[in-house]
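A.B. asks: Following is a predicted model, sequence given first.
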Amino acid sequence: MESINDVKWLHTEHMYAVAQKKWLYIYDSNGIELHCIRTFNDVLRMQFLPYHFLLATASATGFLQYLDVSVGKEVAAISTKTGRLDVMCQNPHNAVVHLGHPNGTVTLWSPNQKEALVKMLCHQGGVRSVAVDKTGTYMITSGMDKKMKVFDVRAFKPLRSYFLPAGASCLSLSQRGLLSAATGDIVQVYRDVWSTPVTKPYMAHRVRGLVWGLHFCPFEDVLGVGHGEGFTSMLVPGAGEPNFDGLDANPYRSAKQRQEWEVKALLEKIQPELITLDPTELAQVDRTTFEQRHRDRVEALGFDPLAKERFVPKFKKKGRSSAGGVERRKKQVAHEDQRVSSYFQGSRQRRPLR
Amino acid sequence: MKVKVLSRNPDDYVRETKHDIQRVPRNYDPSLHPFEVSREYTRALNATKLERVFAKPFLASLDGHRDGVNCLAKHTRSLSTLLSGSCDGEVKVWNLTKHECVRTLQAHGGFVRGMVVRYCGNSFFTIGDDKTIKQWKMEAPGYGEEEEPLNTILGKTVFTGLDHHQKSGVFATCGQQVDIWDEQRSTPIRSFTWGVDSFSSVRFNPVETELLGSCASDRSIVLYDMRESTPLKKVIMTMRTNTLCWNPMEAYCFTCANEDYNLYTYDMRHLERPIKVHMDHVSAVLDVDYSPTGQEFVSASFDKTIRIFSKDDGHSREVYHTKRMQHVICIKWSADNKYILSGSDEMNIRLWKANAAEKLGVLAPREREAVNYTQKLKEKFQHHPQIRRIARHRHLPKNIYHQKNELRIMKEARRRKEMNVRKHSKPGSVPVVSEKEKHVVSVVK
């Protein structure tokens, strides 16, 4: 029997990926082996990015590899050069992968870059577990220095720091913001870790063996605990999202609805090139390209087509154009000279007068 | 011990019988729907690609003329009737829903130079190379009766263009001068001349119904007011205009189709520079017609293509061409804004869709919503380079593609030369002339 390092469901309940001792296997829900992917070797942790159909795997050799499960191609293989990758989590808001390292740093990765997007020093010892909330605002990490820290992952600033007498080996965040931390054979659930300083846990439970993994069930108030003696499910009131959206993730969908959803999800599959720290970057105005093209146009034409002509006050008849009057009219538009927008600072040229 | 956890009753979420529709509860919380910008971008990209897949604008070809089609006339009251006049004097009335010819009559001895349907829709006028203006009934003659015009007017010179007033029984012809006729008289009630020997087309303004515009052979466009005795003003351009068309929504705008491969949109109050120069054809533009919304127009050119322009865009949004379609002589945009009719040199009239990827017919409400949604998405992301590249891509026949490149290189060379001349001469001695002003020679009142 082979040892299994990690298991992850793919986009439907019909397929799951298993990181076995040597290679990565994909099985059907009936247990039939569908694929054995040998290019993914020594995989320790996996994360599935649902909207990109990407399976991100972290290996013992320090490689972070992305597999597109809809097409079956390896999208990116990044050698992180940081040693054994044991701690992994994804940011559900922007699909960035967080890796925790034994030197206390947490690095953020996207498949488009060979280097880490961000490197944060979080703990004085090694990092044991990382979790990010669903809005992508807070990151909770626990380390060997028996501390649990809450960071603002958008500004990369520490917010809170808690001391746990035994340290937390696993962390899991629920949809409603409840944090579960496991130390030894005790599971503790905390509520509202980031807004108010927490003094005592919301709930605690002792299980029979050493806790290996924790995961909250998506739309239910249930926490699943995997430990040395087996599996335990804990009821945690207030953990699950009560109102699900029928078109996105619907626990009560029929087979027909699932088929329709799968087709639509595959059509809307986001390309891995769009994974960035800020997911709304596409909707922002691209000022740099506009300025570059404006500069090119000015060079090609020889003059600036967007420059306004100098204001020349009209000569009024019947003596109404005295020197004082002309100056007064010029003063009315004098402020326009100072209203130069920052876009055209370098390239403004006056159109030659006729 | 009682614990309050989430418990859902499946009866609230699953349908009762298999004849009901599925229940779909919604939650619009944005944290449940991440990546909205990326997903909408992907949807817009797919929608743009599908638009190109479904872009099949050609609908039908109306066959039957025995010589090239010279002019088309829209029926003012019926959407499914079209009249066409050919170069051998034949006039055919077509039923567009059945794609067949309903009536044929031999109107003139030579070319049918112009045709127009009266505003009431009961009769139509034709002019021909035999110097006559004939008025015909719209109904076909009964069994055993001959095709006879209601009225025939003999003129002294050849007539080249014809248009009818929108509201009263007055029509205008042009030939050697522009004449205004009353239907009851056999001589023109007014004639306008301005030292030009021939006019090629005349058009009434559909909004300001007393205004007229005509294209003269001395490269000018002359504007008239029917209530005055002399023409209003004229603008002389660098090359001759073939036809002009008034914007049915803007009272003072018209677009003219010029020999120098461009179309110019003018505001009649400021004729010294056109509002817009529309460049994309590679040969002389022969005819232009506006859409009834006034936002777009279609142009027919000697280079065997039809182009659709938006009224404030310098380049075309769509180009239609077929191997079998030779020089397109006349073009019309149907009054329901959906179809384009083109008459060409090789005796065929073709029916095209105005929106190439549009699904015709009645759409189900969900279909219509989906179409509106994808349309809005395409508009939102239209400036992104990948989407713009796909949306702009059109296949062109090889000779037109090469001709376009050649024209672009020539234009670049001229511009570079002008820039160099300006760079190496005294500043201010070579003024910058904008593209719009380059084509207007003068305005004469």
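C.D. replies: Yep, it's here. What you see is a predicted model, and the numbers here were worked out from it, not measured in a lab.

A.B. asks: Which positions in chain B make contact with chain A?
C.D. replies: B:3-6, B:10, B:13-14, B:22-29, B:31-35, B:37-39, B:41-43, B:46, B:384, B:415, B:419, B:422-423, B:427-428, B:431-432 (CB under 8 Å from any CB of the partner chain). All C-beta atoms are positioned from the backbone trio N, CA, C, and that covers glycine.

A.B. asks: How many neighbouring residues does residue 2 have?
C.D. replies: Assuming you mean chain A. Counted with other CB atoms under 10 Å in any protein chain shown, residues neighbouring A:Glu2 total 10.

A.B. asks: meant chain B actually
C.D. replies: 3.

A.B. asks: again, but for B:Arg324
C.D. replies: 11.

A.B. asks: Tell me which residue is most central in the chain.
C.D. replies: No chain was given, so I picked chain A. A:Asn94 (2.9 Å; CA atoms, centre = their mean).

A.B. asks: think we crossed wires, I meant chain B
C.D. replies: The residue lying closest to the centre of chain B (CA atoms, centre = their mean) is B:Val298, at 2.6 Å.

A.B. asks: Let me see the contact set for that residue.
C.D. replies: For B:Val298, the contacting residues are B:288-289, B:291, B:306-309, B:331, B:333, B:340, B:354, by CB atoms under 8 Å, 6 or more residues apart in numbering or on different chains.

A.B. asks: What of B:His315?
C.D. replies: By CB under 8 Å, 6+ apart, the contact set of B:His315 is B:278-280, B:309.

A.B. asks: I'd like to know which of the residues you listed is nearest to chain A.
C.D. replies: Closest approach between the contacts of B:His315 and chain A, by CB to the nearest CB: B:Met279, at 16.4 Å.

A.B. asks: So what does A:His205 look like in phi/psi?
C.D. replies: Here is the backbone geometry of A:His205 (degrees, to the nearest 10): phi -150, psi 140.

A.B. asks: From what I see, B:Cys174 and B:Ser200 are in contact.
C.D. replies: Yes: using CB atoms under 8 Å, B:Cys174 makes contact with B:Ser200 at a distance of 7.4 Å.

A.B. asks: For those two, list the residues in contact with both.
C.D. replies: Joint contacts of B:Cys174 and B:Ser200 (CB under 8 Å, 6+ apart) are B:160-161.

A.B. asks: The two: who's more crowded?
C.D. replies: B:Cys174 (27 against 18).

A.B. asks: Now the nearest residue to A:Trp109 once chain neighbours are set aside: which helix or strand?
C.D. replies: Nearest residue to A:Trp109 in three dimensions, chain neighbours excluded: A:Val97, at 4.7 Å (CB to CB, 6 or more residues apart in numbering or on different chains). Per DSSP states H and E: A:Val97 is located in strand A:96-100.

A.B. asks: mean confidence for that strand?
C.D. replies: In this model, strand A:96-100 has a mean pLDDT of 97.

A.B. asks: Run the chain-centre distance for whatever helix or strand comes next after that strand.
C.D. replies: For strand A:96-100, the following helix or strand on the C-terminal side (DSSP H and E) is strand A:105-109. Centroid separation for strand A:105-109 versus its chain: 12 Å, with CA atoms, centre = their mean, to the nearest Å.

A.B. asks: Residues in contact with strand A:105-109: which ones?
C.D. replies: For strand A:105-109, the external contacting residues (CB under 8 Å, 6+ apart) are A:64, A:78, A:80, A:82, A:91, A:96-101, A:116-122, A:127, A:130, A:139, A:141, A:277.

A.B. asks: repeat for stretch A:195-205
C.D. replies: Looking at stretch A:195-205 with CB under 8 Å, 6+ apart, the contacting residues turn out to be A:160, A:162, A:178, A:186-192, A:225, A:232, A:234, A:236.

A.B. asks: at 10 Å instead, please
C.D. replies: A:138, A:148, A:150, A:159-162, A:177-182, A:185-192, A:223, A:225, A:232, A:234-239 (CB atoms under 10 Å, 6 or more residues apart in numbering or on different chains).

A.B. asks: restrict these to contacts with chain B.
C.D. replies: A:235-239 (CB under 10 Å from any CB of the partner chain).

A.B. asks: okay, the residues you listed in JSON lines with neighbour count, secondary structure and pLDDT next?
C.D. replies: Converted to JSON lines, those look like this (neighbours: other CB atoms under 10 Å in any protein chain shown; DSSP: H, G, I helix; E, B strand; the rest coil; pLDDT from 0 to 100):
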{"residue": "A:Leu235", "neighbour count": "15", "secondary structure": "strand", "pLDDT": "94"}
{"residue": "A:Val236", "neighbour count": "25", "secondary structure": "coil", "pLDDT": "95"}
{"residue": "A:Pro237", "neighbour count": "14", "secondary structure": "coil", "pLDDT": "94"}
{"residue": "A:Gly238", "neighbour count": "16", "secondary structure": "coil", "pLDDT": "93"}
{"residue": "A:Ala239", "neighbour count": "29", "secondary structure": "coil", "pLDDT": "94"}
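
A.B. asks: coming back round to it: from what I see, the residue nearest to the centre of chain A and A:Val153 are in contact.
C.D. replies: Yes: under the criterion of CB atoms under 10 Å, A:Asn94 makes contact with A:Val153 at 9.4 Å.

A.B. asks: Between the two, which contacts overlap?
C.D. replies: Residues touching both A:Asn94 and A:Val153 (CB under 10 Å, 6+ apart): A:108, A:132, A:136, A:277.

A.B. asks: Max pairwise distance over these: which two?
C.D. replies: Largest separation among these by CB to CB: A:Val132 and A:Leu277, giving 12.5 Å.

A.B. asks: Spit out the residues that contact the two alike.
C.D. replies: Residues touching both A:Val132 and A:Leu277 comprise A:91, A:94, A:96, A:108, A:153, with contact defined as CB under 10 Å, 6+ apart.

A.B. asks: out of those, which one sits closest to B:Ala257?
C.D. replies: Closest approach to B:Ala257 among those (CB to CB): A:Asn94, at 52.6 Å.

A.B. asks: What residue, apart from its backbone neighbours, is nearest the closest one spatially?
C.D. replies: Computed as CB to CB, 6+ apart, the closest residue to A:Asn94 that is not its neighbour in sequence is A:Pro279, at 4.5 Å.

A.B. asks: Kindly present the contacts of B:His315 as JSON lines, with separate columns for neighbour count and distance to B:Lys445.
C.D. replies: Conversion of the contacts of B:His315 to JSON lines gives the following (neighbours: other CB atoms under 10 Å in any protein chain shown; distance: CB to CB, whole Å):
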{"residue": "B:His278", "neighbour count": "27", "distance to B:Lys445": "26"}
{"residue": "B:Met279", "neighbour count": "18", "distance to B:Lys445": "29"}
{"residue": "B:Asp280", "neighbour count": "21", "distance to B:Lys445": "33"}
{"residue": "B:Phe309", "neighbour count": "23", "distance to B:Lys445": "30"}
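
A.B. asks: mind putting those residues in CSV, pLDDT, secondary structure and distance to B:Leu407 included?
C.D. replies: As requested, the contacts of B:His315 are exported to CSV (pLDDT from 0 to 100; DSSP: H, G, I helix; E, B strand; the rest coil; distance: CB to CB, whole Å):
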residue, pLDDT, secondary structure, distance to B:Leu407
B:His278, 96, strand, 14
B:Met279, 95, strand, 9
B:Asp280, 95, coil, 10
B:Phe309, 97, strand, 17
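
A.B. asks: Where does the prediction get shaky in chain A?
C.D. replies: For chain A, the stretches with pLDDT under 70 are A:340-354.

A.B. asks: Quick check: the two most widely separated of the ones next to chain B among the contacts of stretch A:195-205?
C.D. replies: Among these, A:Leu235 and A:Gly238 lie farthest apart (CB to CB), at 10.4 Å.

A.B. asks: Overlap in contacts, the two.
C.D. replies: What both A:Leu235 and A:Gly238 touch, as defined by CB under 10 Å, 6+ apart, is the set A:221, B:4-6.

A.B. asks: Keep only those of those residues that are in strands.
C.D. replies: Within those, no residue falls in strands by DSSP state E.

A.B. asks: From the residues you listed, list the buried ones, please.
C.D. replies: Buried subset of the shared contacts of A:Leu235 and A:Gly238 (neighbour count, 16 or more other CB atoms under 10 Å in any protein chain shown): A:221, B:6.
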